[in-house]
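Colleague: got a sequence here, can you build the structure:
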Amino acid sequence: MHSSPAGLLTIAVILMLGACSAPADERIAGRGLETAGPGLTLVDSVVLVEADTAYVGRPVALEVTLDGSLLVSDGFAKTVYRFGRDGQLASRYGGPGGGPGEFRAPTLLSADSLDVAVVDPAAGRLTVFDLESGRVLTQVPLLGRTGDVRLSGDQAWFGLLRPGDEASFANVRLRLRPGSMSDSVLETRFLGAVPSAYHASARMREVLPLTSVDRYGAGFVSGYAGLDVLVVHDDRGWPTRVLDIPKRLRRGVPSDIVQQLAQQIPLEKMASLASTLAKVRSLDSARVALVHMDLTMDAMTAGATAYISVVRPSSMDACVDAPVIVAGDGVPPITFQGDTLYVLDQYVPSDAGAPRSVTVIRRYRIDTSDCEWVPARQVSAVEIGFPISDR
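Modeller: I've put the predicted structure just below:
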C-alpha cells in the first residue's frame, strides 16, 4: 500500500504517512548500512493478529502503555487499535466521523496508566479516552500545528511552534475526571523558544513546523524538525543549553537550509534536502534518544530511513545514527518505553499466497555500553537566535 505525494504541501505531512507494505521481508537482514550509533539488540517481535473486520490499513503512530499494550493509530480505518502483548486485538478507540470520540485523521498518540490521548490534526483537536473502558473523557482544541503529545495524569504537553508567543511547546492542565466536553482546560502555558530561522522564514514554518518534547529531570528536552539541535529546558520551560547533534550516516541539515527552501524546488527534492528530527524522548536521567528520518519520494511513493541517536546533555556528547532496519517501505512508526525501542514494520511476505500485509512490532534494547561518544557542540544563544536567560 503506497502513498501518493500528490496534494502533500509539506514534508511534515509526509511524517504523518504510516508504514507502507511491500513484498520485501528478506530485507530485514539488513541493507548494507555501516554500523553506527547505539546498539539495537532485538528482544522480541509481536505479529499483530488481524482479520477482515479489524486490520491495520495505514499505521501512522505507535505507543506502548505501562502494562505493555500496543496502541496503533490507523489512518485508513480512522481508529486507534489496542493490541495485547501477544498481538491479539483487545479494544479500539474511536472511529471515522466528526462527533465526540470520532476521528478524521488520528495521528499522534500518548498514554499513561489511566488514559490514552489522540491528536487529530484534521479535526484540530485532542481526544482523551479512558484506557480500559474507552470512554471519551474530553476533547480540546489544538493550539497550533502539533508535532508531538505527551500525557501524564491531568497534564498534556504539545510540541508546536508559535512564533508570536515565542513558544516551541505548550503545557495544558485538563479536567479529566469527571470528564467534560467543555470547560475541561484548566490552565495553558506556552513554553520554550523559537529559533531565528523560524522567525525569519515563512517557508521553514510551512515545511518543517513540527517540534518534539519530553520531560527530562525537573525540566524538559525538545527538538525542531528542521534543525540538528537538542534543547534542554529548565522547569519553567526556558532553554538552558542547546547542543548541536553530530552526524555519521544521516543526511543532517545543510547550513543554508533557509536559502534552499526559499527556492521553488520540487516536493521530491525538498523531501531529500535534510534529515528531519521526528522524536525526542528521555531514556533515563542522563540520556535522551532522538529519531531522525531521511525521507525519500518519487512520483508514486514516500518512505524514510530512520536513525536512532543517544545524547548525554550533561557531558555534551552523543552516540549517533544507528539505522533502523525494516522490511516494509514508508515511514516506520517508532516509540520508546524507558531504554526500549519499539518499531512497527508492515510488509507483504514474499512467500504469501495472498497480498495481505503482515504487521510486526519489534522490540529492541538500546545499548550504549560500546558507544563511540563524540562531542555535541554547545550552540550559543546568538547562533541559534534566542536568549538563554530568564523570561
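Colleague: just give me the residue right at the centre of this protein.
Modeller: residue 279 (4.3 Å; CA atoms, centre = their mean).
Colleague: tally of neighbours for residue 36?
Modeller: 19 (other CB atoms under 10 Å). For the C-beta atoms, the positions are set from N, CA and C on the backbone; glycine is no exception.
Colleague: what's near enough to touch it?
Modeller: Applying CB atoms under 8 Å, 6 or more residues apart in numbering, one finds that residue 36 lies in contact with 248, 249, 320, 321, 322, 323.
Colleague: pLDDT and distance to residue 88 added to the residues you listed, as CSV?
Modeller: Conversion of these to CSV gives the following (pLDDT from 0 to 100; distance: CB to CB, whole Å):
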residue, pLDDT, distance to residue 88
248, 96, 40
249, 96, 37
320, 98, 37
321, 97, 35
322, 97, 31
323, 96, 31
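Colleague: how about those, which pair is most distant?
Modeller: By the measure CB to CB, 320 and 323 form the most distant pair in those, at 11.0 Å.
Colleague: pLDDT below threshold where in this structure?
Modeller: Along the chain, the model assigns pLDDT under 70 to residues 1-35, 352-355, 387-391.
Colleague: mind running it again at 80?
Modeller: Along the chain, segments meeting pLDDT under 80 span 1-36, 179-182, 298-301, 350-356, 387-391.
Colleague: tell me where it has helices.
Modeller: 11-14, 196-200, 202-207, 257-262, 267-271, 381-384 (DSSP state H).
Colleague: sorry, back to before: neighbour count: residue 320 and residue 323, which is higher?
Modeller: Shown here are residue 320 and residue 323; by other CB under 10 Å, residue 320 has more neighbours (26 against 21).
Colleague: separation between that one and residue 220?
Modeller: Separation of residue 320 from residue 220 (CB to CB, to the nearest Å) stands at 21 Å.
Colleague: which residues touch residue 218?
Modeller: 234, 235.
Colleague: gap between the two ends of stretch 180-200?
Modeller: 40 Å (CA to CA, to the nearest Å).
Colleague: which neighbours do residue 320 and residue 323 share?
Modeller: Joint contacts of residue 320 and residue 323 (CB under 8 Å, 6+ apart) are 36, 37, 307.
Colleague: wait, which of the residues you listed is closest to residue 172?
Modeller: Using CB to CB, residue 307 comes nearest to residue 172 of the shared contacts of residue 320 and residue 323, at 31.0 Å.
Colleague: what's opposite the closest one in the beta bridge?
Modeller: Judged by DSSP bridges, the bridge partners of residue 307 are residue 292, residue 323.
Colleague: grab the nearest non-local neighbour of residue 241.
Modeller: residue 232 (4.2 Å; CB to CB, 6 or more residues apart in numbering).
Colleague: next: residue 265.
Modeller: In space, residue 265 is closest to residue 273, 7.7 Å off (CB to CB, 6+ apart).
Colleague: in contact with the one you found, which residues?
Modeller: With CB under 8 Å, 6+ apart, residue 273 has these contacts: 251, 254, 257, 260, 261, 265.
Colleague: ok, it to residue 77 distance?
Modeller: Counting by CB to CB, the gap from residue 273 to residue 77 is 33 Å.
Colleague: what of residue 284?
Modeller: With distances taken as CB to CB, residue 284 is found 35 Å from residue 77.
Colleague: burial of the nearest residue to residue 76 once chain neighbours are set aside, as a residue count?
Modeller: Once flanking residues are discounted, residue 76 sits nearest to residue 57: 2.8 Å by CB to CB, 6+ apart. Residue neighbour count, defined by other CB under 10 Å, stands at 17 for residue 57.
Colleague: noted, bye for now.
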